[in-house]
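J.: Okay, structure incoming, though there's no sequence with it:
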């Protein structure tokens, strides 16, 4: 299995609080992605990174920010969590010479 | 905007059948296509990756084909088994960007 770890695996938070999810990889892959998965919508891209400090928006980026200060870590932040951000969040990594994408086990976030 | 479609959304078959899962995409400017399986409550597991220059890839009982000109890929599962029950997703690597665009998946149930 690709070395990719998401933390936390589960989190319950209150509306209006900030939340940060972490994705850590040991593969030294260039590309990292954050997706959310919701019934009826499938997997939707939130943000992605194509290098340290290089990030771009996906299709559902509103309310989310990301940072990548090191190759191995990609952080997803919800500045002020809302109930609509209750979801399962997946991180993925992909290399340049090895373009196969690998996914983490997911973080189940509940905003109450 | 790339759109990826998987039809049907669900399929139930008896054990032993040979299956064809379909994936269609609207923009043929892709650099690869990847098939995944997802078990309930789990992350995505990569099954096969087809580069845009390839026509098919095989792994065990799985065979994936790609026809860029018609915007289609198929995943063939030979001699299906109950352990193949899962949701199968396809994703296209979008040309000109590093985004992966997913279909909504097809839930497969193989009955003993």
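T.: Great, that's in hand. Since we're looking at a predicted model, the values are computed, not measured. Numbers count the residues shown, from 1 in each chain, chains lettered A, B, ... in the order given.
J.: remind me which residues of the chain are low pLDDT?
T.: In the absence of a named chain, chain A is used. A:1-2 (pLDDT under 70).
J.: wrong one, I was asking about chain B
T.: If you take pLDDT under 70 as the line, chain B has these spans: B:96-97.
J.: buried sites along stretch B:95-112?
T.: B:98, B:99, B:100, B:101, B:102, B:103, B:104, B:105, B:106, B:107, B:108, B:110 (16 or more other C-beta atoms under 10 Å in any protein chain shown). Where you see a C-beta, it was placed from the backbone N, CA and C, and this is true even at glycine.
J.: Mind checking which of these are in strands?
T.: B:100, B:101, B:102, B:106, B:107, B:108, B:110 (DSSP state E).
J.: Could you restrict the residues you listed to the ones contacting chain A?
T.: B:100, B:101, B:102 (C-beta under 8 Å from any C-beta of the partner chain).
J.: Turn those residues into JSON lines, columns for distance to residue A:18.
T.: Output for those, formatted as JSON lines (distance: C-beta to C-beta, whole Å):
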{"residue": "B:100", "distance to residue A:18": "27"}
{"residue": "B:101", "distance to residue A:18": "29"}
{"residue": "B:102", "distance to residue A:18": "28"}
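J.: Of those residues, just say which sits nearest to residue A:34.
T.: residue B:100 (11.6 Å; C-beta to C-beta).
J.: Quick check: that closest one touching residue B:49?
T.: No: contact criterion C-beta atoms under 8 Å: residue B:100 and residue B:49 do not qualify, at 11.1 Å.
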